[in-house]
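> here is the input, now give the coordinates:
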Amino acid sequence: MSRRLLSALALPVGAAVAAAAAGCQLLCQEAEIPRENKATENEATNSRWWLGLWQKRPTGSGKLCDLTGWWENDLGSKMHVLKVDSEGNFSGEYHTAVSSTDKPIQPSPLVGSQHLDKDGQCTFGFTVNWKKFSDSTAVFVGQCFSGDNGNEVLQTSWLLREKVDSLPSDWKATRTGHNTFIRTG
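A predicted model of the protein is given here:
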């Protein structure tokens, strides 16, 4: 097992200085997996736990990932993206399947932008204004993956901001999460 001195960049400067002043030896440990079982660098960077299955990460099929159309996420919410223009701007509607309001859920407008990368695995972001039934707003950021099998998947992270009545209640106003969308049409 080989060990090497931990880089000062791996810890905040104050923590590294305090530990050194206290006489602590800072070490990091390399993987203790026998050499014949280690993944190659290509395998390590091209694999991940994705959609609940250990498999190759989509590396692009040459097909551009087009956000236009219908998408459904892991909670059953649906999104309809209208035409993406030549600058990457788009709009559409979001049909959420979940809500904390007592009002009936209604489709809500979304507006966003995406990078039009040649490899087809673009990043994007959009805002959903729930104004028809709630005082909250959500922002999503993500990346589109187009696998070798042609299936497109959107991996997203989001922030949801709910309106609160006072500054002392601000602490509970923002939620965060992630969703995986698959194309449905």
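
> L116 contacts F90, correct?
No. The criterion here is C-beta atoms under 8 Å, and L116 misses it with F90 at 11.0 Å. Backbone N, C-alpha and C define where each C-beta goes, glycine included.

> of those two, give the one with the bigger neighbour count.
F90 (19 against 16; other C-beta atoms under 10 Å).

> quick check: that one touching L82?
Yes. At 6.3 Å, F90 counts as touching L82 under the criterion of C-beta under 8 Å.

> picking up where we left off before, okay, and the common contacts of L116 and F90?
Taking C-beta atoms under 8 Å, 6 or more residues apart in numbering as the criterion, L116 and F90 both touch V84.

> for the nearest residue to F126 once chain neighbours are set aside, give its distance to G150.
In space, and not counting its chain neighbours, F126 is closest to G112: 2.7 Å by C-beta to C-beta, 6 or more residues apart in numbering. Look at G112 and G150: by C-beta to C-beta, to the nearest Å, they are 23 Å apart.

> give me the more crowded residue out of these two.
Using other C-beta under 10 Å as the criterion, G112 and G150 rank with G112 on top: 21 against 10.

> ok, back up a step: anything in contact with each of F90 and L82?
T68.

> which residues of the protein fall in strands?
If DSSP state E is used as the criterion, the strands of the chain fall at 3-5, 27-29, 47-50, 53-56, 69-73, 78-81, 89-95, 108-114, 123-129, 137-146, 152-161, 174-183.
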